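Student: Can you look at this prediction? I've put the sequence above it.
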Protein chains: 2
Amino acid sequence: MSFEEQDLTNALLDNRSPLVQRFSRLHQLNDNEINALNKMHEQTTVLDANEIILHEGDYHKNCMVIVSGWAYRFSRLLDGDRQVINYYLPGDIISPFALVQPKTDYSIASLTKIDVCVFKPDFLLQMFSEEPRLGLIYGQMLGREDALSAEQIVRLGVRSAYERTAHLLLEFFHRLKLVGLTDAETTYSFPLTQELLADTLGMSFVHMNRTLRKLRDNNLIYIDSNQMTLLNVDELITIAEYKPYYPQIGLNTDINKIIKSTDFH
Amino acid sequence: MSFEEQDLTNALLDNRSPLVQRFSRLHQLNDNEINALNKMHEQTTVLDANEIILHEGDYHKNCMVIVSGWAYRFSRLLDGDRQVINYYLPGDIISPFALVQPKTDYSIASLTKIDVCVFKPDFLLQMFSEEPRLGLIYGQMLGREDALSAEQIVRLGVRSAYERTAHLLLEFFHRLKLVGLTDAETTYSFPLTQELLADTLGMSFVHMNRTLRKLRDNNLIYIDSNQMTLLNVDELITIAEYKPYYPQIGLNTDINKIIKSTDFH
DNA sequence: TTATTAATATAACAATTGTTATGCTACTCA
DNA sequence: TGAGTAGCATAACAATTGTTATATTAATAA
């Protein structure tokens, strides 16, 4: 590959393919793998803000990667109470088990206008059979989703309202930073209403308001026109006992050995 | 295969191979697939109760399937507070991402004495390359783990202490029933102390005790010598707004098409 | 522009849940 | 056997969080 081509690849990597960006963090990808991932981005669609993308129980015929914008998965109880389970940020795959699950177990909604890449689950399988290492990296991505769910459980289970708010704000900061969506400092776009934030952190929106005020009064955060600024990251980390999830570089298995030992490829 | 051999297979299926039992619920398995799964059960080990199996940050060189007993995954904060993230029951794979993650993100402990089957992550990969459909069924199993985590989030986020206790007791009942570990009625072995239960449901153990007393006073549960009996399942389901997770039969993709279209096999 | 609605802010009070303390029972082990 | 400990039960009180209500501001549409 020539230098110019590599530049082009890097340009694609940063501008067009959040998945390549994500996967590259876990492994050095070769050209074939990058091309395979870029194929996933051929069909992009725009969805409005505050739309329900998937209802619980829907059959999902497609997979989606978020290119820009926010989405979230939630459950609603009979009395109308809503619990947000997790958020999807750029580079995340909405409903990553669509490959093997015919139905969705929870509802998914867009929070902002979002750009998504749409593709058939079969496409994933095809890609994994041609580029087996991508299947493993996908597995690592699922492992990270699992770690994020576990963190949400820990937040809700043992942390106070104040602590878990600090913790979630740090998680957003860290995840957005990983895909280059924070500014030079500690400010990021924050499209959540206090009500949605309350439904995420398992408290009433009145108490959510109280808690945010306390964080503001303590000079820890600053919110203005949907921009969140963390004024004292170190102090927030201490309060929340925040441990960032670091993607684990390398696989726990030697795929090359396996590939050679079978008629796999 | 002769009739006798099939009987033997069924005997293995019920007595020796909880994984075959689990996977069979999702798909009709062929002989090769059953044999491949049974190979995973060649090396079994017994672990004592209340032992930490994996510390957060440990490298895990092995995968494990629980044959009998209970284990759980948890996180501990600096002040000693503990949050249980999920439980592993017979047929469950401890740390199912061991295939792709070199390190554990959380600690895992045995609750009772447990029998486990131990095998190398590479073995999984080898098996999936020889029996690709098992890889997809494994993916479905991961999807179910994800649904259970989501339920734990909803429990902790929007349900009252009373409701989430009812909800978790129903989940245990349902999961144990799926692997044949409830008696004819609604009684099951229940090895949790009230303290562990409290650390699972995000409340103090004093309030856990209050909540269990209320369930007892309302004739909903009966506890005796580590046996839990649900006295009124319907009422508990109403209180908890419990929706059982039903394994989704069938895959969202036609693997045979994919296999034929590549040199995969 | 004005009317309407969504989002935020805050107060007063109520309900839930946590903390500290104590006693009891059953089990283990020296 | 008896001491020690883990688990369970319960009371009194404190802290956190929820509910209801009412303004205020910001965004949006007629």
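Tutor: Looks like it came in fine. Small disclaimer: the values here were computed from a predicted structure and weren't measured.
Student: how about the residues of the stretch 51-200 of chain A near DNA strand D?
Tutor: Residues of the stretch 51-200 of chain A lying near DNA strand D by Cβ under 7 Å from any atom of the strand: A:Ser160, A:Ala161, A:Tyr162. Bear in mind the C-beta positions are built from the backbone N, C-alpha and C, glycine included.
Student: make it 6 Å
Tutor: A:Ser160, A:Ala161 (Cβ under 6 Å from any atom of the strand).
Student: Can you get me a residue count around the residue nearest to A:Asn62 when sequence neighbours are not counted?
Tutor: What sits nearest to A:Asn62 in space, not counting adjacent residues and going by Cβ to Cβ, 6 or more residues apart in numbering or on different chains, is A:Val118, at 5.0 Å. A:Val118: 18 surrounding residues under other Cβ atoms under 10 Å in any protein chain shown.
Student: And DNA strand C, is the longest helix anywhere in chain A touching that?
Tutor: The longest helix of chain A (DSSP state H) is helix A:132-158. No - with Cβ under 6 Å from any atom of the strand as the criterion, DNA strand C is not reached by helix A:132-158; the gap is at least 8.8 Å.
Student: That helix near chain B at all?
Tutor: Yes - judged by Cβ under 8 Å from any Cβ of the partner chain, helix A:132-158 comes into contact with chain B at A:132, A:136-137, A:139-140, A:142-143, A:145-147, A:149-150, A:152-154, A:156-158.
Student: which stretches of the stretch 101-250 of chain A form strands?
Tutor: A:107-110, A:114-119, A:187-189, A:221-224, A:227-230 (DSSP state E, counting those that start in this stretch).
Student: Let's have these in a markdown table, adding mean pLDDT.
Tutor: Converted to a markdown table, the strands of the stretch 101-250 of chain A look like this (pLDDT from 0 to 100):
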| stretch | mean pLDDT |
| --- | --- |
| strand A:107-110 | 96 |
| strand A:114-119 | 92 |
| strand A:187-189 | 95 |
| strand A:221-224 | 94 |
| strand A:227-230 | 96 |
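Student: Right, and DNA strand C sits closest to which residue of the stretch 1-150 of chain A?
Tutor: A:Asn50 (7.7 Å; Cβ to the nearest atom of the strand).
Student: Pass me the low-pLDDT residue ranges in chain A, would you?
Tutor: Low-confidence segments of chain A, defined by pLDDT under 70: A:1-16, A:255-265.
Student: DNA strand C contacts on the stretch 51-200 of chain A?
Tutor: By Cβ under 6 Å from any atom of the strand, the residues of the stretch 51-200 of chain A that approach DNA strand C are A:Thr193, A:Gln194, A:Glu195.
Student: residues near A:Val206, how many?
Tutor: The number of residues packed near A:Val206 is 10, by other Cβ under 10 Å.
Student: what about A:Arg144, how many neighbours?
Tutor: For A:Arg144, the count of nearby residues is 20 (other Cβ under 10 Å).
Student: Run through the residues that contact the nearest residue to A:Phe97 once chain neighbours are set aside.
Tutor: Nearest residue to A:Phe97 in three dimensions, chain neighbours excluded: B:Gly143, at 3.8 Å (Cβ to Cβ, 6+ apart). By Cβ atoms under 8 Å, 6 or more residues apart in numbering or on different chains, B:Gly143 lies in contact with A:Phe97, A:Val100, A:Gln101, B:Gln248.
Student: just to revisit the earlier point, would you quantify the distance from the residue nearest to A:Asn62 to A:Tyr106?
Tutor: 19 Å (Cβ to Cβ, to the nearest Å).
Student: Likewise for A:Glu33?
Tutor: A:Glu33 sits 31 Å away from A:Tyr106, going by Cβ to Cβ.
Student: The two: which is more packed in?
Tutor: A:Tyr106 (24 against 20).
Student: I figured that one was touching B:Ala150, is that so?
Tutor: Yes - the criterion here is Cβ atoms under 8 Å, and A:Tyr106 meets it with B:Ala150 at 6.1 Å.
Student: Which residues are in contact with each of these two?
Tutor: Residues touching both A:Tyr106 and B:Ala150 (Cβ under 8 Å, 6+ apart) are A:Arg73, A:Ser75, A:Ile85.
Student: Output those in TSV; the columns should cover neighbour count and secondary structure.
Tutor: Formatted as TSV, those follow (neighbours: other Cβ atoms under 10 Å in any protein chain shown; DSSP: H, G, I helix; E, B strand; the rest coil):
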residue	neighbour count	secondary structure
A:Arg73	23	strand
A:Ser75	20	strand
A:Ile85	25	strand
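Student: Out of the strands of the stretch 101-250 of chain A, which gets nearest to A:Asn38?
Tutor: Among the strands of the stretch 101-250 of chain A, strand A:114-119 comes nearest to A:Asn38, with 10.1 Å by Cβ to Cβ.
Student: What is the neighbour count of A:Ile223?
Tutor: 14.
Student: Report the separation between it and A:Leu215.
Tutor: 9 Å.
Student: what does A:Ile221 give?
Tutor: Relative to A:Leu215, and taking Cβ to Cβ, A:Ile221 is found at 5 Å.
Student: same question, A:Gln101
Tutor: 38 Å.
Student: neighbour count winner among these two?
Tutor: The residue with more neighbours, out of A:Gln101 and A:Leu215, is A:Gln101; 25 against 22, by other Cβ under 10 Å.
Student: I'd guessed the more buried one sits against B:Gln248; true?
Tutor: Yes - counting by Cβ under 8 Å, B:Gln248 is a contact partner of A:Gln101 at 5.5 Å.
Student: Next, show the common contact partners of these two.
Tutor: Contacts common to A:Gln101 and B:Gln248, judged by Cβ under 8 Å, 6+ apart, are B:Gln140, B:Gly143.
Student: From the structure, what's the count of residues near the closest residue in space to A:Gln152 that isn't next to it in sequence?
Tutor: Nearest in space to A:Gln152, with sequence neighbours left out and distances taken as Cβ to Cβ, 6+ apart, is B:Ile153 at 5.3 Å. Applying other Cβ under 10 Å, we find 27 residues neighbouring B:Ile153.
Student: just the one 3 residues further on next, same as before
Tutor: Using other Cβ under 10 Å, the number of residues around B:Leu156 comes to 23.
Student: dump the residue contacts of the residue nearest to it when sequence neighbours are not counted.
Tutor: Spatial nearest neighbour of B:Leu156, excluding adjacent residues (Cβ to Cβ, 6+ apart): A:Leu156 at 3.8 Å. For A:Leu156, the contact set (Cβ under 8 Å, 6+ apart) comprises A:Arg164, A:Leu201, A:Gly202, B:Ile153, B:Leu156, B:Gly157, B:Gly202.
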